[in-house]
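A.B. asks: give the three-dimensional model of this entry:
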Amino acid sequence: MEIDTSDVRGKVAVVRLDGRLNMVAAPRLKGAIEDLVDHGGTHVVVDLTAVTFMDSSGLGALIAALKKARQAQGDLRIAGVNEQVATVLKLTNLDRVLRPFESVEAAADGW
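C.D. replies: Below you'll find the model as predicted:
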C-alpha cells in the first residue's frame with residue numbers, strides 16, 4: 001500500500017491510497033492521518049480510487065481517523081470508492097457514517 005498526502009485548497013488534506021487496505025496497511029494509514037490532524041489538517045479526504053481491496057482492518061483505520069479528525073473539530077470524507085469497498089461499507093452500515101463521494105473535488109466541496 002502506498003500512501004501519499006498533499007494539501008488542496010489550503011485547509012483540506014488529501015490522502016491518496018494505492019493498493020490493498022488491509023491489516024498490514026491499516027496502521028500506516030491511521031498513523032498518517034493522525035499525523036496530518038496533529039499538524040492542523042483537520043479536514044481530510046481519503047482518495048480510495050486506486051484501492052483494490054479493503055478489509056475490516058482498513059475500515060477500522062478509516063473509522064479511527066474519522067474519530068481523530070472530529071475530535072479536532074474537523075471531518076474525514078472518502079472518495080473514489082470501488083464496488084468492493086462500497087460493499088464492505090454497505091454490509092457494515094458504515095456507508096451512513098462514511099458517505100462516499102464521486103471524486104476528491106466533490107468531497108472537499110463545502111469546507
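
A.B. asks: isn't Asp18 right up against Asp47?
C.D. replies: No - the criterion here is C-beta atoms under 8 Å, and Asp18 misses it with Asp47 at 9.3 Å. No exception for glycine: its C-beta is placed from N, CA and C like everyone else's.

A.B. asks: more crowded one of these two?
C.D. replies: Neighbour totals were compared for Asp18 and Asp47, and Asp47 leads with 22 against 15 (other C-beta atoms under 10 Å).

A.B. asks: so what's the more buried one bridging to?
C.D. replies: Arg16, Ala79 (DSSP bridges).

A.B. asks: okay, it and Leu94: tell me how far apart.
C.D. replies: Computed as C-beta to C-beta, to the nearest Å, the Asp47 to Leu94 distance reads 18 Å.

A.B. asks: for the residue minimising distance to the centre of the chain, give me its contacts.
C.D. replies: The residue lying closest to the centre of the chain (C-alpha atoms, centre = their mean) is Val46, at 3.2 Å. With contact set as C-beta atoms under 8 Å, 6 or more residues apart in numbering, Val46 has these partners: Val15, Leu17, Leu29, Ile33, Leu62, Ala65, Leu76, Arg77, Ile78, Ala79.

A.B. asks: Ala50 too?
C.D. replies: Arg16, Leu17, Asp18, Gly19, Gly80.

A.B. asks: what is the helix or strand hosting the third one packed up against?
C.D. replies: The one in question is Asp18. For Asp18, the host element (DSSP states H and E) is strand 12-21. Judged by 3 or more C-beta pairs under 8 Å, 6 or more residues apart in numbering; DSSP states H and E, strand 12-21 is in contact with strand 2-8, helix 26-38, strand 43-54, helix 56-71, helix 104-108.

A.B. asks: between these, which gets nearest to Thr87?
C.D. replies: Closest to Thr87 of the helices and strands packed on strand 12-21, according to C-beta to C-beta: strand 43-54, at 9.5 Å.
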